[in-house]
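# here are the coordinates; sequence isn't available:
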């Protein structure tokens, strides 16, 4: 058995991790040079009320799974992938509009989950009833992997703005927040397209875990 595929896999894995960390460090360096202090994320306030196990479960396991199903699953388009992606994406959007945290189980979130699941099943039924290829061929994004990768990566980054307090009118704050997320989204997408969704989920988990390393070191 050739070891080359395994070697290529780990080279790719560490290359993606390195690029992700490097981009984050460079952006932090530029922000310091420009004397830009980003507002604190709501997530940091939320972590103060959580146990270590809850933090690991939510931000290192559940969060990456939900986000990859929402934004990377539809990069390989079919009826099921699109329907599942819409279900999780709708959960994101409705959680934002109802001002509830994504990963807290309460009556509001139960309602949101039911609405998202019904919508996903409805879409799946419609895509099966009407030829999905005819429907999707109308969208130019599906004709080019890079176009749909950029589209979902930007969408992924923009939705992360809800983790922060209102950002006045300074566009630099918005750019500084979403740029690392766009880069991460593209890297996760490359992992998804080159290998599979499981790989992009594991990569997302690894990067989130690295991002939480200051928290773990402070324990």
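Right, received. Where do you want to start? These figures come from a predicted structure and were not determined experimentally.
# against residue 30, how distant is the residue most central in space within the chain?
By C-alpha atoms, centre = their mean, the chain has its centre lying nearest to residue 67, at 3.8 Å. Counting by C-beta to C-beta, to the nearest Å, the gap from residue 67 to residue 30 is 25 Å. In this view, the C-beta of every residue, glycine as well, is placed from N, C-alpha and C.
# ok so, going back, and the residue nearest to the centre of the chain, what element?
helix 63-71 (DSSP states H and E).
# how far is stretch 109-126 from where the chain is centred?
20 Å (C-alpha atoms, centre = their mean, to the nearest Å).
# need the contact partners of that stretch.
79-80, 82-84, 86-88, 90-91, 94-95, 98, 100 (C-beta atoms under 8 Å, 6 or more residues apart in numbering).
# now the residues you listed in a markdown table, with neighbour count, pLDDT and distance to residue 24?
Below are the contacts of stretch 109-126 laid out as a markdown table (neighbours: other C-beta atoms under 10 Å; pLDDT from 0 to 100; distance: C-beta to C-beta, whole Å):
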| residue | neighbour count | pLDDT | distance to residue 24 |
| --- | --- | --- | --- |
| 79 | 16 | 81 | 36 |
| 80 | 13 | 86 | 33 |
| 82 | 20 | 85 | 31 |
| 83 | 22 | 88 | 33 |
| 84 | 17 | 91 | 29 |
| 86 | 19 | 89 | 30 |
| 87 | 21 | 91 | 30 |
| 88 | 18 | 88 | 25 |
| 90 | 20 | 87 | 29 |
| 91 | 22 | 85 | 27 |
| 94 | 19 | 84 | 30 |
| 95 | 20 | 78 | 26 |
| 98 | 11 | 77 | 31 |
| 100 | 16 | 70 | 28 |
